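Visitor: Here's my sequence, what's the structure:
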Amino acid sequence: MQAQHESDALAVSRLVGLSTAAVERALIVATLAAVGENRTRAAKVLGLSVRTLRNKLARYAAEGAVSSARGAPPPP
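Guide: Here you go, the predicted model:
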């Protein structure tokens with residue numbers, strides 16, 4: 001249990017200083033990767049409607065934060 005707490009604390013410390021929008025975007029992109037880019041499954045995991053997820057991805061793509069509305073990170 002102690003190791004899990006330390007791991008959680010380290011993960012949270014990496015988020016300090018980021019905006020909630022940046023954290024949300026990172027969580028959405030990571031969740032999409034974890035479910036094989038399946039937007040329906042990602043929306044369910046995140047507690048979002050598929051429409052909301054699609055709209056967020058489209059906004060991220062328009063901002064250049066992801067390379068496509070599918071959620072792929074932009075190339076370096």
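Visitor: So Val23 versus Ala3, what's the distance?
Guide: Applying C-beta to C-beta, to the nearest Å, the value for Val23 to Ala3 is 24 Å. For the C-beta atoms, the positions are set from N, CA and C on the backbone; glycine is no exception.
Visitor: Neighbour count: the two, which is higher?
Guide: The residue with more neighbours, out of Val23 and Ala3, is Val23; 12 against 7, by other C-beta atoms under 10 Å.
Visitor: Check the contact between the more buried one and Gly17; I expect there is one.
Guide: No. Using C-beta atoms under 8 Å, Val23 makes no contact with Gly17, being 10.3 Å away.
Visitor: What is the burial count for Thr31?
Guide: Thr31: 20 neighbours (other C-beta under 10 Å).
Visitor: That one sits in which helix or strand?
Guide: Thr31 belongs to helix 20-34 when assigned by DSSP states H and E.
Visitor: give me the low-pLDDT residue ranges for this structure?
Guide: Along the chain, the model assigns pLDDT under 70 to residues 1-2, 4-5, 67-76.
Visitor: Do a quick rundown of the helices in it.
Guide: 2-13, 20-34, 39-46, 50-63 (DSSP state H).
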